[in-house]
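**Q** structure for the following, please:
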Amino acid sequence: MIDFGTRITELKTMKAKAKKEFLEGIVSKATVISAPDNRYTCTIHFRLPYVQDKLLKVIGAKKTAKGARFTVQDGKDTITAQLHLPFMKRRRRQKS
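**A** Next up is the predicted model:
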């Protein structure tokens, strides 16, 4: 089984179709709301609570062959970002 961090690193060399399939597996929905002055609010909804999750060492747990025992504290399943895109002039289509 490939761990999540390795999979993210592999995205740099993946083809577009493989990237799309990967994202469809972890993202359930993405919404973008536009506001005046080229500002946007982007919200991504993940299938699992990845956002701000934490790896916690279990206090008092005995060491195993692989090291100390850990547990994952769930994070949130959404993240929201405010984006500002610089003004871009649209090109007018030339009449044929």
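
**Q** how about the helices in the chain?
**A** Assigned by DSSP state H, the chain shows helices spanning 4-10, 16-26.

**Q** what would those helices look like in JSON lines with mean neighbour count and mean pLDDT?
**A** Using the backbone N, CA and C atoms, a C-beta is placed for each residue, glycine as well. Formatted as JSON lines, the helices of the chain follow (neighbours: other Cβ atoms under 10 Å; pLDDT from 0 to 100):
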{"stretch": "helix 4-10", "mean neighbour count": "10", "mean pLDDT": "76"}
{"stretch": "helix 16-26", "mean neighbour count": "11", "mean pLDDT": "89"}
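
**Q** nearest to Leu56, out of these?
**A** With Cβ to Cβ as the criterion, Leu56 lies closest to helix 4-10 of these, at 16.9 Å.

**Q** so where do the strands sit in this protein?
**A** 27-35, 39-46, 54-57, 70-73, 78-84 (DSSP state E).

**Q** picking that back up, Lys57: which of the helices of the chain is closest?
**A** Among the helices of the chain, helix 4-10 sits nearest to Lys57 (Cβ to Cβ), with 18.4 Å.

**Q** wait, what's in contact with Gln82?
**A** Counting by Cβ atoms under 8 Å, 6 or more residues apart in numbering, Gln82 touches 39-41.

**Q** so where's the protein shaky on pLDDT?
**A** Across the chain, the ranges flagged by pLDDT under 70 are 1-4, 59-68, 87-96.
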